[in-house]
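Peer 1: Curious how this folds, go ahead:
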Amino acid sequence: MWFVLFFVLPFVGLAYVLWHVWYLLPLSAGWRWAVVSVGLAAFLTLFLNFSRAIDGLPLNLASACYEVGNSSIFILLYLVIAFLLLDLGRLLHIVPRSWLYSNCIVSTVLFAVVALVFIAGNIHYNNKVRHTIQLTTDKHLGRPVKVVMMSDLHLGYHNRRKELARWVDMINAEHADLILIAGDMIDISMRPLIEENMASELRRLNAPVYACLGNHEYYSGEPQAQKFFADAGITLLRDSMACVGQLCIIGRDDRTNPRRRSVAELMRRADKSRYTILLDHQPYHLDRSERAGVDFQLSGHTHRGQLWPISWITDRIYECSYGPWQRGNTQYYVSSGLGIWGGKFRIGTCSEYVVATITGRK
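Peer 2: Presented below is the predicted three-dimensional model:
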């Protein structure tokens, strides 16, 4: 199934798009070969990224390869949708056959629309959304606690130190009591984080930071990732917990680790007189947190698909793929992420951080 989704279908889609592009462009054969070759090269760069071959390139060139290759898969998706609609229109005799063959107007309109959609998607990605939530409990807190929550920063070749510095300033402006990160702080390679000394940027955060691992920390190399968290002054919770005032923060290891502890086992070791917050990167089996008596769970991972129509798929896969949720007495928030994997586009979704105020009995 995964092989078909991630390898077979993209190549089928690529062949379909390039075939249409070849016949649509009103250019000579030489220019059409040039356009098709550039499109193919951009797509194949994606596999350089997956193989980590870009780790051997100069940092700026590696970042460019990452951006081009990983953006190409999203642009390909939208071109497939566009050409499918045109083909469907032709079959229904709505679209004239001449629109699909050596047509200057259709070529210009199609590629202009796709370009504008992705430019808008990039602007939307860079405008981070601040969501606020109110959490209440009958447990004793003494005073309201302000917590900044986020996930999926995906620091690496595309989200580099300059971008991280902007995020740190944005979070520091909240003057929170606590900062929680629900996994995937690292994208896929430790190299850009080390070369740009991103740990020192994270040490500027003006509140205690607690985090759990995500699947991408395992992809980047879990021992190196663990050292990075320590260098950044972030308390990494791996099937462990920490008491912060009247809060009990529990960090669950990612489900990439088949030997991680269950939620029930972690809650048996927790101080249930305190307000319990579970950090669990991937929001599967939400009922288990409810049964174990967790007060609040923060997750990420889904990105809500990053762009439409993939968001429709994540909405079907997960009980909650984005936003606030409740099961019994347990409240949840699944974040679409502050950063992003791959191309920097948000279409129909947002890049966000959450500011939670927890109010309890005095």
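
Peer 1: C-alpha only now, for contacts and for neighbours.
Peer 2: Will do.

Peer 1: For the lengthiest strand in the chain, buried residues please.
Peer 2: What stands out as the longest strand in the chain, according to DSSP state E, is strand 129-140. Within strand 129-140, the residues scored as buried using 16 or more other CA atoms under 10 Å are residue 139.

Peer 1: again, but for stretch 174-188
Peer 2: 176-188.

Peer 1: so what's residue 325 bridging to?
Peer 2: residue 332 (DSSP bridges).

Peer 1: Next one: it relative to residue 286, how far apart?
Peer 2: 10 Å (CA to CA, to the nearest Å).

Peer 1: more crowded one of those two?
Peer 2: residue 286 (20 against 16; other CA atoms under 10 Å).

Peer 1: residues in contact with the more buried one?
Peer 2: Residue 286 makes contacts with 319, 327, as judged by CA atoms under 8 Å, 6 or more residues apart in numbering.

Peer 1: how close does it get to residue 273?
Peer 2: Applying CA to CA to residue 286 and residue 273 gives a distance of 22 Å.

Peer 1: now residue 279
Peer 2: 18 Å.

Peer 1: which of those two has more neighbours?
Peer 2: Each of residue 279 and residue 273 has its neighbours counted (other CA under 10 Å); residue 279 has more, 31 against 11.

Peer 1: With adjacent residues omitted, what lies nearest to residue 159?
Peer 2: residue 339 (7.3 Å; CA to CA, 6 or more residues apart in numbering).

Peer 1: what's next to the helix or strand residue 360 falls within, contact-wise?
Peer 2: Using DSSP states H and E, residue 360 falls within strand 352-361. Strand 352-361 has contacts (CA under 8 Å, 6+ apart) with 128-151, 335-338.

Peer 1: Show me the domain layout of the protein.
Peer 2: Here the domain parsing of the chain from automatic domain parsing is 2-125, 129-361.

Peer 1: Number of residues surrounding residue 147?
Peer 2: So residue 147, with other CA under 10 Å, has 21 neighbours.

Peer 1: Okay, and the beta partners of it?
Peer 2: Taking DSSP bridges as the rule, residue 147 bridges to residue 178, residue 356.

Peer 1: what sits against it?
Peer 2: By CA under 8 Å, 6+ apart, the residues touching residue 147 are 176-180, 355-358.

Peer 1: do residue 275 as well
Peer 2: For residue 275, counting by CA under 8 Å, 6+ apart, the contacting residues are 137, 139, 141, 246-248, 295.

Peer 1: Of those residues, select the buried ones using a PyMOL command.
Peer 2: Of these, the buried ones go into a single PyMOL selection, burial set by 16+ other CA under 10 Å:
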select buried, resi 139+141+246+247+248+295
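
Peer 1: For the contacts of residue 275, point out the one with the lowest pLDDT.
Peer 2: Lowest in pLDDT among the contacts of residue 275 is residue 141, which has 85.

Peer 1: mind listing what it touches?
Peer 2: Counting by CA under 8 Å, 6+ apart, residue 141 has contacts 245-247, 275, 359-362.

Peer 1: Would you check how far apart it and residue 175 are?
Peer 2: Applying CA to CA to residue 141 and residue 175 gives a distance of 19 Å.

Peer 1: which residues of this protein score low on pLDDT?
Peer 2: Filtered on pLDDT under 70, the chain yields the residue ranges 1-7, 362.

Peer 1: can we see that at 50?
Peer 2: Along the chain, segments meeting pLDDT under 50 span 3.

Peer 1: Helices of this structure, start to end?
Peer 2: With DSSP state H as the criterion, the chain has helices at 2-3, 9-24, 29-50, 59-91, 104-126, 161-172, 191-195, 198-202, 215-220, 222-231, 263-268, 286-292, 310-317.

Peer 1: With respect to residue 303, which of the ones you listed lies nearest?
Peer 2: Residue 303 lies closest to helix 310-317 among these, at 8.4 Å (CA to CA).

Peer 1: and that closest one, which residues are buried?
Peer 2: For helix 310-317, by 16+ other CA under 10 Å, it's 310-311, 314.

Peer 1: Any chance you could list what contacts that helix?
Peer 2: 302, 304-305, 321-322, 348-349.

Peer 1: redo that, cut-off 6 Å
Peer 2: 304-305, 321 (CA atoms under 6 Å, 6 or more residues apart in numbering).

Peer 1: Of those residues, which is the nearest to residue 120?
Peer 2: residue 305 (17.0 Å).

Peer 1: Now the closest one: closest residue in space that isn't a chain neighbour?
Peer 2: residue 311 (4.3 Å).

Peer 1: For residue 130, see how far away the one you found is.
Peer 2: For residue 311, the distance to residue 130 equals 20 Å [CA to CA].

Peer 1: same check, this time on residue 124
Peer 2: Counting by CA to CA, the gap from residue 124 to residue 130 is 13 Å.

Peer 1: what do you get for residue 240?
Peer 2: 29 Å.

Peer 1: Equivalent analysis for residue 333, please.
Peer 2: 14 Å.

Peer 1: now swap in residue 104 and tell me
Peer 2: 43 Å.

Peer 1: on that earlier part again, make CSV from the contacts of helix 310-317 and add neighbour count to it.
Peer 2: As requested, the contacts of helix 310-317 are arranged in CSV below (neighbours: other CA atoms under 10 Å):
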residue, neighbour count
304, 29
305, 21
321, 28
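
Peer 1: This completes my enquiry, with thanks.
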